[in-house]
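Q: what's the 3D shape of this:
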Amino acid sequence: MLEPFLASTVTQSRQETFELGYRIGESLEQPAVFLLEGDLGTGKTVFAKGLICGLGQANADDVTSPSFTLINEYPLRLKVFHIDLYRLDKPEDLRSLDLEEILREEAVVVVEWAEKLGKQARAGAICVKMEDLGDDRRRIEIQPCRA
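A: Residues are numbered from 1 along each chain as shown. Below you'll find the model as predicted:
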């Protein structure tokens, strides 16, 4: 059900970025992996909050970026893992997160700073590339990942 969202979109505000994520989350009927990429401040967490709220999280304020915990889990309509790799410096750090196990779960997995994964975990995932265009405008490209 992601086909309508596979495109390049420009959002005009944080709210529009949130709403795009929300509509995608609301449309999901099965597990999926979303790999979010973009510079600091491009809206990855706002998009992730929208997606998680679209899956049933009632309060967006309860969805926080797992910058320090690295992984947050939400038992919603579909189980959700929200992962933030910003603080990881070395590839060895990835092994300690058991990402391979999480990616095998029947869940929606949202990974911020996914470029730190390298080529790992891209098969079957959806890449969400975000770019700051200034004045709260964001270019968001959503497409199947290429290995």
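Q: any idea of the mean pLDDT in the longest helix along the chain?
A: When the chain is parsed with DSSP state H, its longest helix is helix 14-27. In this model, helix 14-27 has a mean pLDDT of 97.
Q: Sort out which residues of that helix are buried, please.
A: By neighbour count with 16 or more other C-beta atoms under 10 Å, helix 14-27 contains the buried residues Glu16, Thr17, Phe18, Glu19, Leu20, Gly21, Tyr22, Ile24, Gly25. (Each C-beta comes from the backbone N, C-alpha and C, glycine too.)
Q: ok, then the element right after that helix?
A: Counting by DSSP states H and E, the next helix or strand C-terminal to helix 14-27 is strand 32-37.
Q: partners of that next one in the sheet?
A: strand 108-112 (parallel), strand 126-134 (parallel) (DSSP bridges).
Q: tell me the angle of the last one relative to helix 14-27?
A: Using axes from the mean of the first three to the mean of the last three C-alpha atoms, to 10 degrees, the inter-axis angle of strand 126-134 relative to helix 14-27 is 170 degrees.
Q: hang on, the earlier thing: Pro31: which of the buried residues of helix 14-27 is nearest?
A: Nearest to Pro31 out of these is Gly25 (C-beta to C-beta; 12.4 Å).
Q: if you skip the residues just before and after it, what's nearest to the closest one?
A: Gly54 (2.4 Å; C-beta to C-beta, 6 or more residues apart in numbering).
Q: got the contact list for that neighbour?
A: Gly21, Tyr22, Arg23, Ile24, Gly25, Glu26, Ser27, Leu28 (C-beta atoms under 8 Å, 6 or more residues apart in numbering).
Q: go with 10 Å
A: Gly54 makes contacts with 18-28, 76-77, 108, as judged by C-beta atoms under 10 Å, 6 or more residues apart in numbering.
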